[in-house]
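Undergrad: any chance you can model this:
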Amino acid sequence: MTETIRRDSSGFRLRGLGTTRIETFTDAAFAFALTLLAITLDPPRRMADLDAALLNVPAFLLSATMLMMFWWGHHEWSRRYGLDDGASLISSCLLVFTVLIYVYPLRFMFSLMVSWIGHLAGLPAGDLAGMSGPEDVNKVFVIYGVGFSLMAASLAQLNLHAWRRREVLQLDEIERHETKGTIGAWLILAAIGVISTAVALVIPPHLALAGVPGWVYATLGVIMPIYGAMLNRRRRRLIESTAECETVEAEQS
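TA: Numbers count the residues shown, from 1 in each chain. You can find the predicted model right below:
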């Protein structure tokens with residue numbers, strides 16, 4: 001019998017091509033969060049105001065990219081598993097509530113980062129007004145880290161819920177491998193957020209001002225490629241093993 005279920009680029013069968021109410025609700029929340037990032041309560045009325053607003057564009061782009069990473073994680077989960085039950089609703093709501101609370105700390109964090117980089121490069125970018133002292137930097141990293149960790153943990157929980165229902169969903173070996181790999185990836189992100197938060201809580205303010213808690217996130221640039229390479233090697237071995245089994249079965253028949 002010919003298989004009609006579509007698969008994504010990793011070979012995962014897409015069980016959730018029909019949009020669920022959970023996915024619709026989550027999409028709307030992310031769209032609203034992006035809107036909050038883009039709009040201001042006091043639109044520019046003079047050229048100087050417009051110039052100042054344009055300086056915030058890099059921070060907006062970075063903030064929007066971060067939000068879209070989490071949105072894509074939920075979108076991928078929805079397409080792969082198509083779950084629409086109580087546990088999925090609770091974890092999705094946790095993600096939504098965190099996104100809506102997290103949106104302003106996210107914008108503030110990236111404004112701070114862009115301003116810091118611009119200061120080092122001698123370029124006008126962002127705005128550090130409103131920072132009363134180095135201790136505020138610690139506080140920003142703590143608030144940001146808590147939100148980042150909660151969002152990553154929510155997506156890890158959603159994929160863990162799918163893993164617990166692997167028999168009902170009839171996940172094959174490749175799909176089980178991808179599910180475990182995705183859970184691990186989100187747990188790594190959550191752990192990095194927790195570590196950065198802990199660092200921001202214990203280090204002196206002058207070290208936070210130097211961006212030490214932020215450098216914890218920079219380690220993801222090394223950790224995630226290594227983790228992805230390990231998963232890809234395992235996936236290739238599974239594909240080769242599956243192909244060999246199918247060949248043997250074909251020969252025996």
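
Undergrad: helices of the protein, residue ranges please.
TA: 21-38, 47-54, 57-81, 86-121, 134-164, 166-169, 173-202, 205-209, 212-218, 220-252 (DSSP state H).

Undergrad: deepest in the core, which of these is it.
TA: helix 134-164 (a mean of 21; mean count of other CB atoms under 10 Å). In this view, the C-beta of every residue, glycine as well, is placed from N, C-alpha and C.

Undergrad: which elements pack onto that one?
TA: In terms of contacts (3 or more CB pairs under 8 Å, 6 or more residues apart in numbering; DSSP states H and E), helix 134-164 is packed against helix 57-81, helix 86-121, helix 173-202, helix 205-209, helix 212-218.

Undergrad: try 10 Å
TA: Counting contacts by 3 or more CB pairs under 10 Å, 6 or more residues apart in numbering; DSSP states H and E, helix 134-164 packs against helix 57-81, helix 86-121, helix 166-169, helix 173-202, helix 205-209, helix 212-218.

Undergrad: could you give the angle of that helix to helix 173-202?
TA: Counting by axes from the mean of the first three to the mean of the last three CA atoms, to 10 degrees, helix 134-164 points 160 degrees away from the direction of helix 173-202.

Undergrad: so how far is helix 134-164 off the chain centroid?
TA: 9 Å (CA atoms, centre = their mean, to the nearest Å).

Undergrad: if we can go back for a sec, with mean pLDDT added, can I get the helices of the chain in a markdown table?
TA: As requested, the helices of the chain are exported to a markdown table (pLDDT from 0 to 100):
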| stretch | mean pLDDT |
| --- | --- |
| helix 21-38 | 89 |
| helix 47-54 | 72 |
| helix 57-81 | 91 |
| helix 86-121 | 85 |
| helix 134-164 | 92 |
| helix 166-169 | 94 |
| helix 173-202 | 95 |
| helix 205-209 | 70 |
| helix 212-218 | 88 |
| helix 220-252 | 82 |
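
Undergrad: make JSON lines from these and add distance to residue 13 to it.
TA: Listed next are the helices of the chain as JSON lines, based on distance: least, CB to CB, whole Å:
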{"stretch": "helix 21-38", "distance to residue 13": "17"}
{"stretch": "helix 47-54", "distance to residue 13": "45"}
{"stretch": "helix 57-81", "distance to residue 13": "8"}
{"stretch": "helix 86-121", "distance to residue 13": "18"}
{"stretch": "helix 134-164", "distance to residue 13": "12"}
{"stretch": "helix 166-169", "distance to residue 13": "9"}
{"stretch": "helix 173-202", "distance to residue 13": "7"}
{"stretch": "helix 205-209", "distance to residue 13": "46"}
{"stretch": "helix 212-218", "distance to residue 13": "33"}
{"stretch": "helix 220-252", "distance to residue 13": "14"}
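
Undergrad: ok so, going back, export the helices and strands packed on helix 134-164 to TSV and append columns for distance to residue 32.
TA: Output for the helices and strands packed on helix 134-164, formatted as TSV (distance: least, CB to CB, whole Å):
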stretch	distance to residue 32
helix 57-81	11
helix 86-121	7
helix 166-169	31
helix 173-202	23
helix 205-209	31
helix 212-218	25
